[in-house]
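*Asks:* Need coordinates for the following:
(one chain, ligands or ions: 1)
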Amino acid sequence: MKSFSMSAIDVSGSDCSMCSSDTNSSAREIKFEYFDSSKCEKFEDFPICKKTLKGLTSSKFMKPTDIQREAIGLALNGNDILGAAKTGSGKTLAFIIPILEHLYSEKWSQNDGLGALIISPTRELAFQTFEVLKKIGKFHDFSAGLVIGGKPLKEEAGRINRTNIVVCTPGRLLQHMDETTYFNADSLQIVVLDEADRILDMGFSQTMNAIIENLPAERQTLLFSATQTRSVKDLARLSLTDPVFVSVHENATNSTPEQLEQSYMVCEQHEKLNLLWSFLKNHLQSKILVFLTCCKEVKYVYEAMRRLRPGIPVMALHGGLPQLRRVEAYNQFVNKQRACLFATDIAARGLDFPAVNWVVQLDCPEDANTYIHRAGRTARYEKDGQALLVLLPSEEEAMVKQLNDKKIPIEKIRVNRKRLYSIQAKMESNCAAEPELKEAAQRAFMTYLKSVYLMSNKKVSLGLAIAPKIRFLKKDQKRKEEQALKQTVVEQKLAKNAQKKPQSEESSSESDSGGEEGTCSESDSSGSEVNSSKEIEKKVENGDSDSSEESDLENEARTSNEKKLTKLKQKDKPEINLKSVKQTESVSKLQKVNKLSTKKSNKELADSDESSESDDSESGESSDNESDSDDSEKLKALKAGKTESFSFDVDEDDELFKVKKDVDIDEILGVLPEVDPNKGSNVDIETGDAGGINIALAKKRMEAEDDEEVQAVLGSSDGEDKADPLSFIPDPDEIYGARGSDESSAESYDDASPPVSKKRKIQDKLSGRKQNTAESSSDSGDESDDVINSDDDVSSSGGDVMDTELSLKDDEAIALKSRDGKTRIV
Ligand SMILES: Nc1ncnc2c1ncn2[C@@H]1O[C@H](COP(=O)(O)OP(=O)(O)OP(=O)(O)O)[C@@H](O)[C@H]1O
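*Replies:* Numbering: from 1, shown residues only. Sure thing, here's the model as predicted:
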């Protein structure tokens, strides 16, 4: 344990001499070795100076949270700390207060230079922390600076040496360490790593190693995160001294805030935007944060939604934006009461947007930790919030297991696809009308593929009628082929040399002294075949491997190479899966073929809007029709401005009709009700049900269904004649009035009618059948019974501080880790 003495601590906070003009005269007499903070009910009870206390009071912070109580006490005692607490539990103050107190107790002044460093993974988080520091530290005399890049380095360099507390991102800090002549961290007292596990992970590892090398070994180190690292390697890198692990929620039942309601839905990739739209239309009064995988996806989804006008302000935040736009988006979302922000994981950690009602993870997070941080943007500090995770069928099992392992309570909501609005046709027509939008959609699609590295069964969405050309897949394929070809040639050459070696050993002693391969004697002795293999190598290097003048050897090598590649493809699922892209493209073509055929056979439909989707998916054309369809398809595409639509890198002829057998076209065409996004849904006009996704009602509906199933199971298993073992439980219908079993009555329950679930719980407990019934209910696959209601849900849902300001170039290069640990493009 490190010890630093806090002289003249004024426990009562009444020391008048601790005003900003009298820092050094506050002669501290009391010294203490150990302070027990466990009984501190208020900040006043801590041995902190009046200036800090004043800063806290003026910001309306009176009582410490659990993590603050424990961590502040230990930090004041000089410990290195690994602090872990749920999202939104107040970790920021848990390190800001010790920093201020530490420097204050050391009588730090501007002449002493850099005393404390706070390192944050993103600019937004650094900015936010800096704002809190300014509020709490405004009665102190310390200088503080925000160093997140952008301004000319020189401008910052002139001030950074006089800055006592620096809040920074790793990239910009290292730049100063490397390039600012007078930058000096020798006297640094305390360093904080906010979101420590993120900062210490692979994306920042080199930068952080370099930074740590430049910091004095004798310092206090505080690490904070909701998902704290315990990696011995990380701790060794930081040379922590007897660190104390402060994990206030370690024994909690859940690792997410208790007030956070969490649910997930499973839907196909190509239906995600329909689902998002349907969700937004039902939550127009809410503040919603939607997470997507990559910048380009955020950019496109934002642009697409903006054009469709969902009836709620939309905005975007991602690393590809210029800094000023980033700040603008951040501030706008902070200040709005109802809005939807589309964001990458840049907004996943630490950001404290006030009063967010919903966090929607439209793309699966890379792991459970990322899920925790994303979901933690809502339900912060005693507030309620809801989180919705959208999973692909292929992601469900693994992700749900991860979440369960991490003690995250999450409930499955079944999606009734018939209640989704379809905005596909509208988006397609928007894309056709605006080439830039279509290009954005294509880029989004490709970057998404790059980011998640193609899993099988992905289908085109994003409003594109067809899959765009995926150049990187082709390149990657070609590169692999070339590598494998080279290797095969070399292997064959070596094998031949080995065979001929005894001969050449006898005939010439030169071969012993030759190089690894391709020596004069070798080429001489191996004759034309080796020459030919060299040619192949050359051709490969020149990218000329498709030449028709291939030797037998080349053909042989190619064949074996192809076999190897096929094997590799089958083995290695996460690798780029050309086949599924082909399939996607073919499916898209098939959609068009179907449309055209339907049009031909039905004059009425032929007169209808080109962009509308055909309901008749049983087209049943044979391959004979293909060229016809293709031509009309091309014409149609030309009309719609999709000039390059058919320049696929796929074997169109064969794949098209092979795929047809495997793919349920209903899944893609005709099932989703077409809707004019500006007018609302046309779903179930008779009942006035406008469709859409309403999670609260869906949950209630599912509860009602569960109850019915319990009744059914109990009734059927025991037989009608037998007495109901649960008959002593009063019938809620008698008490609260009868309820209908149809959908609309189930949906009409409000929050004040809990008897259904109450009885179910009691019955579940007594019968022990809860799990079985719930499972059978979810397995039933009767989607038509799901509840997704049309009703728009009105969700309840001073001092001498120096600000170096924002304006910066992207220094973070936030290289978020992908699922497989590779760097992901953000
Ligand atoms: N003692 C306190 N009293 C009242 N409100 C507090 C207190 N401490 C923090 N808060 C508020 O709680 C919210 C969350 O705080 P903070 O951002 O520090 O959480 P966090 O634990 O760092 O979250 P994350 O893990 O997401 O980074 C903020 O709005 C903050 O103002």
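*Asks:* alpha carbons only for contacts and neighbour counts from here, please
*Replies:* Will do.
*Asks:* Dig out what L222 forms beta bridges with.
*Replies:* Beta-bridge partners for L222, by DSSP bridges, are I81, V192.
*Asks:* Just give me the neighbour total for it.
*Replies:* Residues near L222, counting by other Cα atoms under 10 Å, number 26.
*Asks:* ok, whichever residue of the stretch 151-300 of the chain sits closest to the ligand to N251 distance?
*Replies:* Residue of the stretch 151-300 of the chain nearest the ligand, by Cα to the nearest ligand atom: A226 (4.8 Å). Between A226 and N251 the distance is 14 Å, computed by Cα to Cα, to the nearest Å.
*Asks:* Those two: which is more packed in?
*Replies:* Shown here are A226 and N251; by other Cα under 10 Å, A226 has more neighbours (27 against 8).
*Asks:* wait, that one sits on A85?
*Replies:* Yes: assessed by Cα atoms under 8 Å, A226 is found in contact with A85 at 5.0 Å.
*Asks:* who's in contact with T221?
*Replies:* Listed by Cα atoms under 8 Å, 6 or more residues apart in numbering, the contact partners of T221 are N79, D80, I81, I190, V191, V192, L193, L240.
*Asks:* about what we covered before: okay, the residue of the stretch 151-300 of the chain closest to the ligand: pLDDT?
*Replies:* Predicted confidence (pLDDT) for A226: 95.
*Asks:* now K151
*Replies:* Looking at K151, the pLDDT reads 70.
*Asks:* That one should be in a helix, yeah?
*Replies:* No: read with DSSP: H, G, I helix; E, B strand; the rest coil, K151 is coil and lies in no helix.
*Asks:* With neighbour count added, can I get the contacts of T221 in CSV?
*Replies:* CSV is the format used below for the contacts of T221 (neighbours: other Cα atoms under 10 Å):
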residue, neighbour count
N79, 23
D80, 26
I81, 24
I190, 24
V191, 22
V192, 22
L193, 22
L240, 21
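*Asks:* ok, which pair from those residues is furthest apart?
*Replies:* Pairwise distances across those (Cα to Cα) peak at 14.7 Å, for the pair N79 and L193.
*Asks:* From the contacts of T221, which shows the smallest pLDDT?
*Replies:* Across the contacts of T221, the smallest pLDDT goes to L240, namely 86.
*Asks:* who touches that one in this structure?
*Replies:* Taking Cα under 8 Å, 6+ apart as the test, what L240 contacts is D80, T221.
*Asks:* any idea whether it is helix, strand or coil?
*Replies:* Secondary structure for L240, judged by three-state DSSP, is coil.
*Asks:* Quick check: phi and psi at it.
*Replies:* phi -70, psi 150 (degrees, to the nearest 10).
*Asks:* same question, D36
*Replies:* When read as degrees, to the nearest 10, the backbone of D36 gives phi -100, psi 110.
*Asks:* V360 now?
*Replies:* Torsion angles at V360 (phi, psi; degrees, to the nearest 10) stand at phi -110, psi 120.
*Asks:* Renumber starting at 144 from here on
*Replies:* Fine by me, first position is 144 from now on; the one you just mentioned is V503.
*Asks:* Near it, how many other residues are there?
*Replies:* 24.
*Asks:* Now do it against Y591, distance only.
*Replies:* Distance of V503 to Y591, given as Cα to Cα: 17 Å.
*Asks:* Likewise for V391?
*Replies:* As judged by Cα to Cα, V391 and Y591 stand 37 Å apart.
*Asks:* My read is that D209 contacts V389, right?
*Replies:* No: D209 is beyond contact range of V389, at 10.2 Å (criterion: Cα under 8 Å).
*Asks:* which residues of this structure fall in strands?
*Replies:* Ranges of strands in the chain, per DSSP state E, are 224-227, 259-262, 287-290, 308-311, 333-337, 363-368, 387-390, 403-409, 430-434, 457-460, 482-486, 501-504, 528-534, 554-555.
*Asks:* show me what contacts the residue of the stretch 544-693 of the chain found nearest the ligand?
*Replies:* Relative to the ligand, the nearest point of the stretch 544-693 of the chain is I551 (15.4 Å; Cα to the nearest ligand atom). Counting by Cα under 8 Å, 6+ apart, I551 makes contact with N397, S398, T399.
*Asks:* pLDDT at T195, what is it?
*Replies:* You'll see T195 listed with a pLDDT of 97.
*Asks:* thought it was touching I242?
*Replies:* No: with contact defined as Cα under 8 Å, T195 does not reach I242; the gap is 10.4 Å.
*Asks:* Near the ligand, which residues of the stretch 294-443 of the chain are found?
*Replies:* Within the stretch 294-443 of the chain, the residues that sit near the ligand (Cα under 6 Å from any ligand atom) are S368, A369.
*Asks:* go again using 8 Å as the cut-off
*Replies:* Residues of the stretch 294-443 of the chain lying close to the ligand (Cα under 8 Å from any ligand atom) are D337, E338, S368, A369.
*Asks:* Next, give me the two most distant ones among these.
*Replies:* D337 and A369 (9.8 Å).
*Asks:* measure M542 to A328 for me?
*Replies:* Distance of M542 to A328, given as Cα to Cα: 43 Å.
*Asks:* actually E540, not the one I wrote
*Replies:* 48 Å.
*Asks:* ditto for I261
*Replies:* Relative to A328, I261 is positioned 13 Å away (Cα to Cα).
*Asks:* quick one, which of those two is more surrounded?
*Replies:* Taking other Cα under 10 Å, I261 and A328 do not tie; I261 has more neighbours (24 against 17).
*Asks:* That one contacts D337, correct?
*Replies:* Yes: here I261 reaches D337: they are 7.0 Å apart, a contact under Cα under 8 Å.
*Asks:* count of residues packed around E579?
*Replies:* The number of residues near E579, taken as other Cα under 10 Å, comes to 11.
*Asks:* pLDDT at it, what is it?
*Replies:* 95.
*Asks:* before we move on, what about A575?
*Replies:* According to the prediction, A575 has pLDDT 94.
*Asks:* for N425, same thing?
*Replies:* 92.
*Asks:* again with T916
*Replies:* Predicted confidence (pLDDT) for T916: 38.
*Asks:* what number of residues lie near the residue in the stretch 694-843 of the chain positioned nearest to the ligand?
*Replies:* At 24.0 Å from the ligand, I838 is the closest residue in the stretch 694-843 of the chain, using Cα to the nearest ligand atom. I838 has 24 neighbours, counted by other Cα under 10 Å.
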